[in-house]
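> next comes the sequence, and after it the predicted model I'd like to discuss.
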Amino acid sequence: MENMVQTAMQNVNFAAIMPSLVLSCFCLALLLLNAFVKRGSTSYAAVISLVALGATACVSYLAWDNPQFGFAGQVALDNYAVFFNFIFILAAALSILMSDAYLKREGYPVGEYYTLILFSTVGAMLMASGTDMMTIFLGLEVMSIALYVLAGFFRRQLRSNEAGLKYFLLGAFSTGFLLYGIALIYGVTGTTNVADIGSYLAMNHHIVGDPILIGGMILLATGFLFKIAIVPFHMWTPDVYEGAPTPITAFMSAGPKAAAFAAFMRVFLIGLGSMHSTWVGLLWVLAVLTMIVGNFIAIKQTNLKRMLAYSSIAHAGYALVGLVASNAVGVSAVLFYMLAYTLMNIGAFAILVLAGKVGEDNLTLQGFAGFGYKRPVLAVLFTICLFSLMGIPPSAGFTGKFFIFAGALNAGYVWLAVLGVLNSAVSLYYYLRVMVYMYFRSPEEEFDWVQLKPGATLCAVISVVGVLFLGIVPGAVMALARQALF
Amino acid sequence: MSEHILSLMTFFPLLGMLIILMLPGRKGGLLKSTTLAITLITFIISLPLALDPVFKTSGAMHYTEFAPWISVGDYFQMNYSVGIDGISLWLVLLTTFIMPITVLSTWQAVDKNVKGFMALMLLLETAMLGAFISLDLFLFYIFWELMLIPMYFMIGIWGGASRIYAAVKFFIYTAVGSLLMLVAIIYLYYYAVNTGGMVNGFSVSDFYNLTLHPELQKWLFLAFAFSFAIKVPMFPVHTWLPDAHTEAPTAGSVILAAVMLKMGTYGYLRFAMPLFPDALQQFLPWLAALSVIGIVYGALVAMMQKDVKKLVAYSSVSHLGFVMLGLFALNNIGVSGAILQMVNHGISTGALFLIVGFIYERRHTRLISEFGGLSKQMPIFAVIFMIVTLSSIGLPALNGFVGEFMILLGAFESELRWFAVVATSGVVLSAVYMLWMYQRVMFGKLDNPKNQNLKDLSVREVCIMLPLLVFIFWIGVYPNTFLEKMEPAVNQALSQISGEARAQAYMPVCNDTEPQAKCPHTHGLDAQGDADLRL
């Protein structure tokens, strides 16, 4: 017993959890500070949060090409984790940028909001660097609990309440699946360490077909796929995305989704890599289903937030194609795609924040009629984000999809790639329709929107610059994604 | 300077777009003249290409530029690789030539949101030029898709009554095809890499040298051919064209007809046919049949149109069918005729759309029944319209004749003889629908009171038409100026399609200092003594 404690202590390496530590300290400080500042202004909290994220980014960067392991193989701050950390930090920072004006408009200027986003980011970072099922589970819970609160943050709004409650109930349920899966796999392999599971299964190849193991794998996949919103575990997404505060929707669709992908890929490619042939067929079917369901239901939507929710389901399907490919190109493409999606989707949501009125009832197709003439610059930014979501060059969405499908084709999944691009073709319709309303129709009523808010505008501009940068010269970032493979 | 002429020409309009975006939006005149100046400068930049005699003797790529662009370890490599040969030369020049003309045509037609329109025009010019000069399939795809965006907005914002339907249809039709082509492009790349083929990025000339299994060729060819067939457009995927053409503003229709449709035929000649020659042979009768159906069907439908613009749009379907037939003849005369006809169609149909635009600006209708007897009221207009009409029909001594004659001659000489026989009826039909339309619009009694005060063409409008008329006569009387620069490149392409160049690429005749992949270029041209290289 004493021996074990000693080993564990020797294994303590704070450098491996430094980004999470730094961010947590900032979180706690901010939480305390909130108690002393009178309600009504949250700008200070936004600024401190951005500083905190900046500091975390710097700390993460130190670990690039300088991987840190610690806590008896439970945490690894390798390039893979660092790359994902940057995605989370970017998602959080962009969401925070657009939050200040939004919270004031909707009447909830509360500092805890930012703390919760940061805590959620801490959880996401733990998930990406977790190399043990327990760490991953811990990260998932930290991330999710903060998100449950955030989704229901507008406590006087029915929609927001519904979002919070729905997300919590279904989320808790899916976490149960995940835990059960971990338990079953532990039962077969005798370990929760991802790498150990991998080597155990590789050495004992005869148990790969074990029903308990397969059951564990399926339960585990269910837990992750729920967070990623893969069909048929996507039911919560539209309601939660529509009901949650818009910046939180933006954040949820990018950061936590990427976190779930990070953990999912690590567990399935390393831990359950020997079972590849078992799960790959399953994911193939789910990827196709997800793309089809997401895109086809999105066509019917008239509320833009809801439309983007369904589009985000479809995009999760594209990203899953990269995991199905399971080769170097495909997996780095998923990393790249998560970054690209973060930029283009948050950019689109930033425009929604800027264009929305109190209560956001005007975020419908009809409400955007003539937007291109009333707010030409915003409309152009929105248009670029939409073209990127469609996958039209030169944009991050195009290069991202190109890399994903390149991975699939390199692995020989021709039909998957064909179905993927055909789905992209379906998606053209509903994205184009937004532009039809923005540019090809005249406004129905007078516009009386709040004026441009610097934070949200900056967020949109940064996103669009990123989208174009990744679209025109994606080489450098894709090379980083290549180095980020575990 | 001269080695970067292609890049300069391609990206100068993009730079111009940025300038336009910085100008104040209310000054329409300033915006239009700046755009005109930019497109004129682009044309001047491209002129030395036309005067360069090198194209007469060599069918290889010239003015090539190469720079690594996206390079991700062993994943993939994309290059900025451009160049021009006798085939793309004329399409590039057609583009730079037609752009100032279309800008001039917007002087009175576009008064809403001028800044946006001009910016989109310039973006479109960059995309079109880029697509014609790309020698890397990835680069080509980027420009190819980029073209859709400005045209989508031009139709949707400045178009006619059912512009939204037309714009969305245009976008989705073209994008669906190109997405499948994208899969084929990536597949081809990894096939080349995984089978140890020497490829430098998505270089087309390296892909030419791959030996692909016929079954594989079949699928890849279908993906490419489908994508390009939509753009051409070939029957039965042509239905977006009449909508887009009719609803687009005049400038949009002109660009669409003159340049963008040529992307499809160019794509066949540059990519689909030489990359997959075995599959081409397999599908040749079917494709030729579709071309001929397009010729006859387009002409028959054009005959029944009530709207002049729609008539011209359907005539495009018919004319592009001729171009495709010429390409499928796979001999020098047919292919040269097809390329010449691409240019001819650009000039004649572009001119027809301008003419339709002139009368639409005056009367705000395009229905044939609204007109009649205009020749008395507008004599200059009548003469110009007549020349353009005859050029479109293919009257000897005008441009259309040379192209169609060569195409039919080529088709007769090839195994497509019977297709050529049917296609000939298209020539007759085109005379019917064009002359009948001309007669109903221009002759007869001037009995509609609204037509009695129509003004004849202004000096600006005549200036728009004059350069087009010059080329209508020039190509008609002395097509050799164009043909002689095309011929080596056409032979080069044909040897690629027949597999001769591919076979030679593996023979150790190349200069050792040159990478082997480059050899077919330098080598192919001196092997071409024989004009007729079809199988």
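On my side now, so go ahead.
> quick one: residues contacting the closest residue to chain B within the stretch 301-450 of chain A.
Residue of the stretch 301-450 of chain A nearest chain B, by CB to the nearest CB: A:V421 (3.9 Å). In this view, the C-beta of every residue, glycine as well, is placed from N, C-alpha and C. Contacts for A:V421 (CB atoms under 8 Å, 6 or more residues apart in numbering or on different chains) come out as A:401, A:405, B:179-180, B:182-183.
> for it, pull up the helix or strand it's in.
Assigned by DSSP states H and E, A:V421 falls within helix A:414-435.
> what does the very next helix or strand once past that helix rub up against?
Per DSSP H and E, helix A:414-435 leads on to helix A:454-472 as the next helix or strand towards the C-terminus. With contact meaning CB under 8 Å, 6+ apart, helix A:454-472 is reached by A:46, A:94-95, A:97-102, A:336, A:339-340, A:343-344, A:346-347, A:350-351, A:353-354, A:378, A:381-382, A:384-385, A:388, A:393-400, A:477.
> swap in stretch A:272-285?
If you take CB under 8 Å, 6+ apart as the criterion, stretch A:272-285 is touched by A:197-198, A:201-202, A:205, A:208-209, A:213-214, A:217-218, A:220-221, A:268, A:320, A:323-324, A:326, A:413, A:416.
> quick one: mean pLDDT for it?
Computed over stretch A:272-285, the mean pLDDT rounds to 91.
> chain center to that stretch, what's the gap?
Relative to the chain's own centre, stretch A:272-285 is displaced by 22 Å; criterion: CA atoms, centre = their mean, to the nearest Å.
> just the strands in the chain please.
Here I'm looking at chain A. Using DSSP state E, the strands of chain A run over residues A:68-70, A:75-77.
> let me rephrase: I mean chain B.
With DSSP E as the criterion, chain B has strands at B:62-72, B:76-84.
> where does pLDDT dip in the chain?
With no chain named, the answer covers chain A. Chain A contains residues with pLDDT under 70 at A:1-10, A:39-40, A:444-451.
> let me rephrase: I mean chain B.
Ranges of chain B meeting pLDDT under 70: B:1, B:197-198, B:501-535.
> can you do 50?
Within chain B, the ranges that satisfy pLDDT under 50 run B:507-535.
> chain A against chain B: which residues are in contact?
Residues of chain A found near chain B (CB under 8 Å from any CB of the partner chain) are A:328-329, A:332, A:373, A:387, A:392-394, A:398, A:402-403, A:405-406, A:409-410, A:414, A:417-418, A:421-422, A:424-425, A:428-429, A:432-433, A:435-436, A:439-441, A:473-475, A:478-479, A:482.
> let's see that with 6 Å instead.
Residues of chain A lying close to chain B by CB under 6 Å from any CB of the partner chain are A:329, A:392-394, A:406, A:409-410, A:417-418, A:421, A:424-425, A:428, A:432, A:436, A:439-440, A:474-475, A:478-479, A:482.
> now, of the strands of chain B, which is deepest in the fold?
strand B:76-84 (a mean of 22; mean count of other CB atoms under 10 Å in any protein chain shown).
> quick one: the nearest residue to B:N399 once chain neighbours are set aside from chain A, how far?
Nearest residue to B:N399 in three dimensions, chain neighbours excluded: B:I475, at 3.6 Å (CB to CB, 6 or more residues apart in numbering or on different chains). Separation of B:I475 from chain A (CB to the nearest CB, to the nearest Å): 35 Å.
> can you pull out the helices in the stretch 301-450 of chain A?
Assigned by DSSP state H, counting those that start in this stretch, the helices in the stretch 301-450 of chain A fall at A:304-325, A:328-355, A:371-374, A:376-390, A:396-410, A:414-435.
> next, the angle from the longest one to helix A:454-472.
Think helix A:328-355. Interaxial angle, helix A:328-355 versus helix A:454-472 (axes from the mean of the first three to the mean of the last three CA atoms, to 10 degrees): 150 degrees.
> with the fourth one instead?
Going by the same axes, to 10 degrees, helix A:376-390 is angled at 40 degrees with respect to helix A:454-472.
> same thing with the last one?
For helix A:414-435 and helix A:454-472, the angle between their directions (the same axes, to 10 degrees) works out to 140 degrees.
> and helix A:414-435, what's buried?
Using 16 or more other CB atoms under 10 Å in any protein chain shown as the test for burial, helix A:414-435 gives A:414, A:416-435.
> equivalent analysis for the fifth one, please.
Going by neighbour count (16+ other CB under 10 Å), the buried part of helix A:396-410 is A:396-410.
> helices and strands around it, which ones?
The contact analysis (3 or more CB pairs under 6 Å, 6 or more residues apart in numbering or on different chains; DSSP states H and E) places helix A:396-410 against helix A:304-325, helix A:328-355, helix A:376-390, helix A:414-435, helix A:454-472, helix B:163-194.
> wait, which of those is closest to B:N480?
For B:N480, the closest of these is helix B:163-194, at 35.2 Å, according to CB to CB.
> residue 247 - how many residues pack around it?
Here I'm looking at chain A. A:P247: 29 surrounding residues under other CB atoms under 10 Å in any protein chain shown.
> chain B, not that one
Residues within reach of B:E247, counting by other CB under 10 Å, total 25.
> next one: A:R482
Neighbour count of A:R482, defined by other CB under 10 Å: 20.
> cool, and B:P396?
Residues contacting B:P396 under the criterion other CB under 10 Å number 11.
> still on that earlier bit, looking at the helices and strands packed on helix A:396-410, which is closest to B:K306?
Here helix B:163-194 is closest among the helices and strands packed on helix A:396-410 (CB to CB), at 17.5 Å.
> quick check: A:F233 touching A:F226?
Yes: between A:F233 and A:F226 there is a contact under CB atoms under 6 Å: 4.2 Å.
> contact residues of chain B facing chain A?
Those residues of chain B that sit near chain A, judged by CB under 6 Å from any CB, are B:70-73, B:75, B:142, B:145, B:156-157, B:164, B:168, B:172, B:175-176, B:179, B:183, B:186-187, B:190.
> buried only: go through those for me.
Buried by 16+ other CB under 10 Å: B:70, B:72, B:75, B:142, B:145, B:156-157, B:164, B:168, B:172, B:175-176, B:179, B:183, B:186-187, B:190, out of those.
> re the thing from before, which of the contacts of helix A:454-472 count as buried?
A:46, A:94-95, A:97-102, A:336, A:339-340, A:343-344, A:346-347, A:350-351, A:353-354, A:378, A:381-382, A:384-385, A:388, A:393-400, A:477.
> what count of nearby residues applies to B:R270?
If you count neighbours by other CB under 10 Å, B:R270 ends up with 23.
> could you find the closest non-adjacent residue to A:M235?
Nearest non-adjacent residue to A:M235, counting by CB to CB, 6+ apart: A:L170, 7.4 Å away.
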